[in-house]
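**Q** Give me a model of this one.
(one chain, ligands or ions: 1)
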Amino acid sequence: AQQRINELHVSLNQYNYEYYVLDKPSVPDAEYDRLMQELQQLEGEYPEFITNDSPSLRVGGNILDAFRKVEHRTPMLSLGNAFNEDDLRDFDRRAKQAVGGEISYVCELKIDGLAVSLRYENGLFIQGATRGDGTIGEDITENLKTVRSIPLRIKQPISLEVRGEAFMPRKSFESLNKAKLENEEEPFANPRNAAAGSLRQLDPKIAAKRNLDIYLYSIADLGDTGVVSHSEGLDLLDDLGFKTNPERQRCATIDDVIKYVEIWTEKRPNLAYEIDGIVIKVDSLADQEALGFTAKSPRWAIAYKFPA
Ligand SMILES: COc1nc2nc(N)nc(N)c2nc1C
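**A** Take a look at the predicted model:
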(Lines give C-alpha, C1' and ligand atoms only; values in the text may rest on other atoms or scores of the structure.)
Protein backbone atom coordinates (compact mmCIF):
# COMPACT_ATOMS: atom_id res chain seq x y z
CA ALA A 1 0.00 0.00 0.00
CA GLN A 2 2.80 2.45 0.89
CA GLN A 3 4.48 1.65 -2.42
CA ARG A 4 1.25 2.31 -4.33
CA ILE A 5 0.66 5.53 -2.36
CA ASN A 6 4.14 6.79 -3.28
CA GLU A 7 3.56 5.92 -6.94
CA LEU A 8 0.27 7.83 -6.86
CA HIS A 9 2.00 10.84 -5.25
CA VAL A 10 4.59 10.95 -8.03
CA SER A 11 2.08 10.62 -10.89
CA LEU A 12 -0.50 13.00 -9.42
CA ASN A 13 2.09 15.68 -8.58
CA GLN A 14 3.50 15.37 -12.11
CA TYR A 15 0.06 15.55 -13.76
CA ASN A 16 -0.81 18.52 -11.52
CA TYR A 17 2.42 20.28 -12.58
CA GLU A 18 1.71 19.67 -16.29
CA TYR A 19 -1.87 20.94 -16.01
CA TYR A 20 -1.51 23.94 -13.67
CA VAL A 21 2.07 25.11 -14.22
CA LEU A 22 2.84 24.15 -17.83
CA ASP A 23 -0.79 24.32 -18.96
CA LYS A 24 0.02 21.15 -20.98
CA PRO A 25 -1.87 18.18 -19.43
CA SER A 26 -0.60 14.76 -20.56
CA VAL A 27 -3.60 12.77 -19.26
CA PRO A 28 -7.35 13.43 -19.42
CA ASP A 29 -9.00 14.87 -16.28
CA ALA A 30 -10.87 11.58 -15.79
CA GLU A 31 -7.55 9.74 -15.40
CA TYR A 32 -6.35 12.34 -12.85
CA ASP A 33 -9.61 12.06 -10.91
CA ARG A 34 -9.48 8.24 -10.95
CA LEU A 35 -5.95 8.23 -9.48
CA MET A 36 -6.91 10.88 -6.91
CA GLN A 37 -9.89 8.73 -5.85
CA GLU A 38 -7.56 5.74 -5.44
CA LEU A 39 -5.10 7.84 -3.37
CA GLN A 40 -7.83 9.21 -1.08
CA GLN A 41 -9.20 5.66 -0.70
CA LEU A 42 -5.75 4.30 0.28
CA GLU A 43 -5.00 7.27 2.59
CA GLY A 44 -8.34 6.60 4.27
CA GLU A 45 -7.36 2.99 4.90
CA TYR A 46 -3.72 3.76 5.82
CA PRO A 47 -3.64 7.26 7.37
CA GLU A 48 -0.15 6.52 8.70
CA PHE A 49 1.11 6.76 5.11
CA ILE A 50 -0.22 10.31 4.56
CA THR A 51 2.70 12.69 3.94
CA ASN A 52 2.67 16.47 3.81
CA ASP A 53 3.32 16.56 0.07
CA SER A 54 0.30 14.41 -0.70
CA PRO A 55 -1.71 15.69 -3.69
CA SER A 56 -4.84 14.99 -1.61
CA LEU A 57 -4.00 18.15 0.38
CA ARG A 58 -5.10 20.18 -2.65
CA VAL A 59 -8.73 19.97 -1.51
CA GLY A 60 -7.95 21.66 1.81
CA GLY A 61 -7.41 20.38 5.34
CA ASN A 62 -9.15 21.21 8.61
CA ILE A 63 -10.55 24.61 9.54
CA LEU A 64 -8.07 26.75 11.49
CA ASP A 65 -9.21 28.82 14.47
CA ALA A 66 -6.68 31.56 13.70
CA PHE A 67 -3.64 32.35 11.55
CA ARG A 68 -0.24 32.13 13.27
CA LYS A 69 2.15 35.03 12.80
CA VAL A 70 5.28 34.53 10.69
CA GLU A 71 8.41 36.69 10.84
CA HIS A 72 9.97 36.98 7.38
CA ARG A 73 13.66 36.05 7.44
CA THR A 74 14.29 38.69 4.79
CA PRO A 75 11.78 41.55 4.80
CA MET A 76 9.20 41.68 2.02
CA LEU A 77 9.82 45.14 0.62
CA SER A 78 7.61 47.50 -1.34
CA LEU A 79 8.50 49.14 -4.64
CA GLY A 80 9.08 52.77 -5.52
CA ASN A 81 6.66 53.99 -8.19
CA ALA A 82 7.05 55.60 -11.59
CA PHE A 83 4.07 57.20 -13.32
CA ASN A 84 5.46 58.34 -16.64
CA GLU A 85 8.38 58.15 -19.05
CA ASP A 86 10.36 60.87 -17.24
CA ASP A 87 10.18 58.94 -13.96
CA LEU A 88 11.56 55.88 -15.77
CA ARG A 89 14.37 57.87 -17.35
CA ASP A 90 15.22 59.42 -13.96
CA PHE A 91 15.37 55.90 -12.48
CA ASP A 92 17.70 54.81 -15.28
CA ARG A 93 19.94 57.88 -14.91
CA ARG A 94 20.25 57.46 -11.11
CA ALA A 95 21.04 53.76 -11.46
CA LYS A 96 23.72 54.37 -14.13
CA GLN A 97 25.34 57.06 -11.98
CA ALA A 98 25.44 54.76 -8.96
CA VAL A 99 26.99 51.80 -10.79
CA GLY A 100 29.11 53.96 -13.11
CA GLY A 101 28.19 52.23 -16.35
CA GLU A 102 25.50 50.77 -18.62
CA ILE A 103 22.62 48.83 -17.08
CA SER A 104 20.30 46.17 -18.53
CA TYR A 105 16.86 45.48 -17.12
CA VAL A 106 14.20 42.80 -16.77
CA CYS A 107 10.58 43.90 -17.22
CA GLU A 108 7.79 41.91 -15.55
CA LEU A 109 4.04 42.35 -15.42
CA LYS A 110 2.90 43.52 -11.99
CA ILE A 111 0.07 41.13 -11.12
CA ASP A 112 -2.77 42.71 -9.14
CA GLY A 113 -2.99 40.11 -6.38
CA LEU A 114 -1.59 39.30 -2.95
CA ALA A 115 2.15 39.13 -2.29
CA VAL A 116 3.13 35.86 -0.60
CA SER A 117 6.33 34.18 0.52
CA LEU A 118 6.86 30.41 0.21
CA ARG A 119 9.48 28.49 2.20
CA TYR A 120 10.84 25.11 1.13
CA GLU A 121 13.04 22.82 3.24
CA ASN A 122 14.87 20.04 1.35
CA GLY A 123 12.45 20.51 -1.53
CA LEU A 124 9.28 20.31 0.56
CA PHE A 125 6.80 23.21 0.82
CA ILE A 126 6.71 23.86 4.56
CA GLN A 127 5.36 27.39 5.05
CA GLY A 128 3.56 30.13 3.15
CA ALA A 129 2.84 33.61 4.47
CA THR A 130 1.25 36.89 3.48
CA ARG A 131 3.45 40.00 3.23
CA GLY A 132 1.72 41.62 6.23
CA ASP A 133 3.69 44.74 7.16
CA GLY A 134 6.77 43.41 5.36
CA THR A 135 8.30 41.96 8.53
CA ILE A 136 5.42 40.01 10.11
CA GLY A 137 2.88 38.20 7.95
CA GLU A 138 0.18 35.56 8.50
CA ASP A 139 0.78 31.85 8.10
CA ILE A 140 -1.59 30.77 5.30
CA THR A 141 0.25 27.53 4.45
CA GLU A 142 -2.88 25.36 4.44
CA ASN A 143 -4.65 27.69 2.03
CA LEU A 144 -1.63 27.99 -0.25
CA LYS A 145 -1.42 24.16 -0.47
CA THR A 146 -4.74 24.33 -2.31
CA VAL A 147 -3.28 26.64 -5.00
CA ARG A 148 -2.68 23.98 -7.64
CA SER A 149 0.22 25.84 -9.30
CA ILE A 150 2.22 25.93 -6.05
CA PRO A 151 4.42 22.79 -6.00
CA LEU A 152 4.17 20.77 -2.76
CA ARG A 153 7.65 19.48 -3.59
CA ILE A 154 10.12 21.13 -5.97
CA LYS A 155 12.44 19.35 -8.40
CA GLN A 156 15.60 19.73 -6.29
CA PRO A 157 15.77 18.81 -2.57
CA ILE A 158 17.02 22.32 -1.70
CA SER A 159 15.92 24.82 0.93
CA LEU A 160 14.97 28.29 -0.22
CA GLU A 161 12.39 31.04 0.12
CA VAL A 162 10.57 32.45 -2.92
CA ARG A 163 8.17 35.36 -3.36
CA GLY A 164 5.35 35.86 -5.76
CA GLU A 165 1.87 37.17 -6.34
CA ALA A 166 -1.15 34.96 -5.70
CA PHE A 167 -4.13 36.07 -7.78
CA MET A 168 -7.56 35.16 -9.07
CA PRO A 169 -7.86 34.95 -12.88
CA ARG A 170 -10.56 37.17 -14.37
CA LYS A 171 -12.76 34.21 -15.42
CA SER A 172 -12.70 32.74 -11.90
CA PHE A 173 -13.53 36.17 -10.47
CA GLU A 174 -16.52 36.59 -12.79
CA SER A 175 -17.98 33.13 -12.04
CA LEU A 176 -17.37 33.57 -8.29
CA ASN A 177 -19.25 36.88 -8.25
CA LYS A 178 -22.04 35.42 -10.38
CA ALA A 179 -22.47 32.66 -7.78
CA LYS A 180 -22.34 35.21 -4.94
CA LEU A 181 -25.06 37.33 -6.55
CA GLU A 182 -27.22 34.22 -7.10
CA ASN A 183 -26.88 33.46 -3.37
CA GLU A 184 -27.62 37.12 -2.56
CA GLU A 185 -24.16 37.42 -1.07
CA GLU A 186 -21.92 40.48 -1.29
CA PRO A 187 -19.76 40.19 -4.47
CA PHE A 188 -16.04 41.02 -4.38
CA ALA A 189 -15.09 44.46 -5.72
CA ASN A 190 -12.15 43.17 -7.80
CA PRO A 191 -9.97 40.06 -8.31
CA ARG A 192 -7.33 41.30 -5.85
CA ASN A 193 -9.87 41.53 -3.03
CA ALA A 194 -11.27 38.13 -4.06
CA ALA A 195 -7.80 36.56 -3.94
CA ALA A 196 -6.98 38.19 -0.58
CA GLY A 197 -10.39 37.25 0.82
CA SER A 198 -9.99 33.64 -0.36
CA LEU A 199 -6.49 33.23 1.10
CA ARG A 200 -7.52 34.74 4.43
CA GLN A 201 -10.31 32.23 4.94
CA LEU A 202 -9.73 30.01 7.95
CA ASP A 203 -11.33 27.12 6.07
CA PRO A 204 -8.90 25.83 3.40
CA LYS A 205 -11.73 23.99 1.66
CA ILE A 206 -13.10 27.38 0.62
CA ALA A 207 -9.71 28.53 -0.76
CA ALA A 208 -9.49 25.21 -2.63
CA LYS A 209 -12.62 26.07 -4.62
CA ARG A 210 -11.53 29.59 -5.63
CA ASN A 211 -9.30 28.63 -8.60
CA LEU A 212 -6.44 30.77 -7.33
CA ASP A 213 -3.17 30.92 -9.22
CA ILE A 214 0.32 32.32 -8.60
CA TYR A 215 3.34 33.76 -10.43
CA LEU A 216 6.66 33.65 -8.56
CA TYR A 217 8.98 36.58 -9.16
CA SER A 218 11.97 36.36 -6.86
CA ILE A 219 14.15 34.16 -4.72
CA ALA A 220 14.53 35.75 -1.28
CA ASP A 221 17.98 34.33 -0.61
CA LEU A 222 19.87 33.35 -3.74
CA GLY A 223 22.47 31.89 -1.40
CA ASP A 224 24.84 29.54 -3.21
CA THR A 225 22.58 29.01 -6.24
CA GLY A 226 25.36 30.55 -8.35
CA VAL A 227 23.01 32.71 -10.44
CA VAL A 228 24.43 36.14 -11.32
CA SER A 229 21.35 37.84 -12.76
CA HIS A 230 17.70 38.23 -11.91
CA SER A 231 16.67 36.65 -15.23
CA GLU A 232 18.74 33.55 -14.42
CA GLY A 233 17.00 33.47 -11.03
CA LEU A 234 13.63 33.37 -12.80
CA ASP A 235 14.86 30.55 -15.08
CA LEU A 236 15.98 28.67 -11.95
CA LEU A 237 12.47 29.08 -10.55
CA ASP A 238 11.13 27.49 -13.77
CA ASP A 239 13.63 24.61 -13.49
CA LEU A 240 12.59 23.98 -9.89
CA GLY A 241 8.93 23.58 -10.94
CA PHE A 242 7.58 27.02 -10.01
CA LYS A 243 5.19 29.03 -12.17
CA THR A 244 6.62 32.30 -13.43
CA ASN A 245 5.01 34.83 -15.73
CA PRO A 246 5.89 34.09 -19.39
CA GLU A 247 5.61 37.75 -20.50
CA ARG A 248 8.84 38.84 -18.77
CA GLN A 249 11.49 40.34 -21.04
CA ARG A 250 15.10 41.41 -20.74
CA CYS A 251 15.62 44.99 -21.95
CA ALA A 252 19.10 46.22 -22.86
CA THR A 253 18.19 49.92 -22.48
CA ILE A 254 15.55 52.14 -20.85
CA ASP A 255 14.23 52.82 -24.38
CA ASP A 256 13.42 49.12 -24.70
CA VAL A 257 11.77 49.27 -21.25
CA ILE A 258 9.59 52.15 -22.42
CA LYS A 259 8.65 50.17 -25.56
CA TYR A 260 7.67 47.18 -23.35
CA VAL A 261 5.52 49.49 -21.17
CA GLU A 262 3.77 50.85 -24.28
CA ILE A 263 3.12 47.36 -25.65
CA TRP A 264 1.59 46.11 -22.40
CA THR A 265 -0.43 49.27 -21.87
CA GLU A 266 -2.15 48.21 -25.12
CA LYS A 267 -2.29 44.47 -24.44
CA ARG A 268 -3.33 44.72 -20.75
CA PRO A 269 -7.12 44.32 -21.31
CA ASN A 270 -6.59 41.01 -23.16
CA LEU A 271 -4.76 39.33 -20.27
CA ALA A 272 -6.48 36.48 -18.40
CA TYR A 273 -5.61 38.26 -15.12
CA GLU A 274 -5.41 41.84 -13.86
CA ILE A 275 -2.16 43.77 -13.68
CA ASP A 276 -1.69 47.21 -12.14
CA GLY A 277 1.73 47.99 -13.57
CA ILE A 278 5.08 46.84 -14.88
CA VAL A 279 8.03 46.07 -12.58
CA ILE A 280 11.42 47.02 -13.95
CA LYS A 281 14.47 45.47 -12.29
CA VAL A 282 18.20 45.86 -12.82
CA ASP A 283 19.19 42.43 -14.16
CA SER A 284 22.75 42.05 -12.86
CA LEU A 285 22.87 40.97 -9.22
CA ALA A 286 26.22 42.73 -8.81
CA ASP A 287 24.55 45.98 -9.91
CA GLN A 288 21.63 45.28 -7.54
CA GLU A 289 24.18 44.84 -4.74
CA ALA A 290 25.85 48.15 -5.64
CA LEU A 291 22.48 49.94 -5.67
CA GLY A 292 21.16 48.49 -2.41
CA PHE A 293 17.96 49.53 -0.67
CA THR A 294 16.25 52.54 0.84
CA ALA A 295 14.49 52.00 4.19
CA LYS A 296 11.57 50.32 2.49
CA SER A 297 12.35 49.47 -1.12
CA PRO A 298 15.15 48.32 -3.46
CA ARG A 299 16.98 51.05 -5.42
CA TRP A 300 17.36 48.50 -8.25
CA ALA A 301 13.67 48.10 -9.00
CA ILE A 302 10.74 50.38 -9.76
CA ALA A 303 7.04 49.82 -10.44
CA TYR A 304 5.59 51.71 -13.38
CA LYS A 305 1.91 52.15 -12.40
CA PHE A 306 -0.78 52.34 -15.07
CA PRO A 307 -2.99 55.40 -14.79
CA ALA A 308 -5.90 54.43 -12.51
C1 LIG B 1 11.92 42.69 -5.92
O2 LIG B 1 10.74 43.07 -5.23
C3 LIG B 1 9.55 42.93 -5.88
N4 LIG B 1 9.47 42.39 -7.12
C5 LIG B 1 8.26 42.27 -7.73
N6 LIG B 1 8.16 41.74 -8.97
C7 LIG B 1 6.96 41.60 -9.56
N8 LIG B 1 6.89 41.06 -10.79
N9 LIG B 1 5.81 41.99 -8.95
C10 LIG B 1 5.85 42.54 -7.72
N11 LIG B 1 4.70 42.91 -7.12
C12 LIG B 1 7.08 42.70 -7.05
N13 LIG B 1 7.17 43.24 -5.79
C14 LIG B 1 8.37 43.36 -5.21
C15 LIG B 1 8.47 43.94 -3.82
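
**Q** Just name whatever secondary elements the top helix by length along the chain is in contact with.
**A** As assigned by DSSP state H, the longest helix anywhere in the chain is helix 29-45. Applying 3 or more Cβ pairs under 8 Å, 6 or more residues apart in numbering; DSSP states H and E, one finds that helix 29-45 contacts helix 2-16. Every C-beta, even on glycine, is put in place using the N, C-alpha and C of the backbone.

**Q** what mean pLDDT does the helix it packs on have?
**A** In this model, helix 2-16 carries a mean pLDDT of 94.

**Q** Contacts for that helix, please.
**A** Helix 2-16 has contacts (Cβ atoms under 8 Å, 6 or more residues apart in numbering) with 25-27, 31-32, 35-36, 38-39, 42-43, 46, 49, 51, 53-55, 58, 148, 151-153.

**Q** Going through the residues you listed, which ones are buried?
**A** Applying 16 or more other Cβ atoms under 10 Å to these, the neighbour count classes 32, 35-36, 39, 42-43, 49, 54-55, 58, 148, 151-153 as buried.

**Q** which among those are in contact with the ligand?
**A** Contacts with the ligand within the buried ones among the contacts of helix 2-16, counted by Cβ under 6 Å from any ligand atom: none were found.

**Q** returning to that earlier point: and for the longest helix of the chain, what are the contacting residues?
**A** Contacts of helix 29-45 (Cβ under 8 Å, 6+ apart): 1, 4-5, 8-9, 11-12, 15-16, 19, 25, 49-50, 54-56.

**Q** Just name the closest of these to P187, please.
**A** Distances from P187 to these, taken as Cβ to Cβ, are shortest for Y19 (28.2 Å).

**Q** for the closest one, helix, strand, or coil?
**A** Using DSSP: H, G, I helix; E, B strand; the rest coil, the structure places Y19 in helix.

**Q** just wondering, since we're on Q3, how far is it from V27?
**A** Per Cβ to Cβ, to the nearest Å, Q3 is found 21 Å from V27.

**Q** What lies in contact with stretch 301-308?
**A** By Cβ under 8 Å, 6+ apart, stretch 301-308 touches 79-83, 87-88, 91, 110, 261, 265, 268, 275-282.

**Q** one step back: what mean pLDDT does the longest helix of the chain have?
**A** Here helix 29-45 scores 96 as its mean pLDDT.

**Q** For the next helix or strand after it, which helices and strands make contact with it?
**A** Next in sequence after helix 29-45, counting helices and strands by DSSP states H and E, comes strand 69-71. Applying 3+ Cβ pairs under 8 Å, 6+ apart, we find strand 69-71 packed against strand 136-138.

**Q** Next secondary structure after the strand it packs on?
**A** Sequence order places helix 141-144 as the next helix or strand after strand 136-138, per DSSP H and E.

**Q** just how off-centre is that next one within its chain?
**A** When distances are taken as Cα atoms, centre = their mean, to the nearest Å, helix 141-144 is centred 13 Å away from the chain's centroid.

**Q** For K24, grab phi and psi.
**A** phi -140, psi 70 (degrees, to the nearest 10).

**Q** N245 versus that one, what's the distance?
**A** Per Cβ to Cβ, K24 is found 17 Å from N245.

**Q** With neighbour numbers in mind, choose between the two.
**A** When neighbours are counted by other Cβ atoms under 10 Å, K24 and N245 differ, and N245 comes out ahead with 19 against 8.

**Q** Using the three-state scheme, assign the spatially closest residue to that one that is not a sequence neighbour.
**A** Excluding the flanking residues, the one nearest N245 by Cβ to Cβ, 6 or more residues apart in numbering is Y215, at 4.3 Å. Three-state call for Y215 (three-state DSSP): strand.

**Q** Run through the bridge partners of Y215.
**A** Judged by DSSP bridges, the bridge partners of Y215 are E165.

**Q** List the residues that contact it.
**A** Taking Cβ under 8 Å, 6+ apart, we find Y215 in contact with 111, 164-165, 167, 243-245.

**Q** what's the answer for R192, then?
**A** Residues in contact with R192 (Cβ under 8 Å, 6+ apart) are 112-114, 167-168, 274.

**Q** Kindly recompute the last result at 10 Å.
**A** Applying Cβ atoms under 10 Å, 6 or more residues apart in numbering to R192 gives the contacts 111-114, 165-168, 173, 274, 276.

**Q** same deal with N177?
**A** Per Cβ under 10 Å, 6+ apart, neighbours of N177: 185-191, 194.
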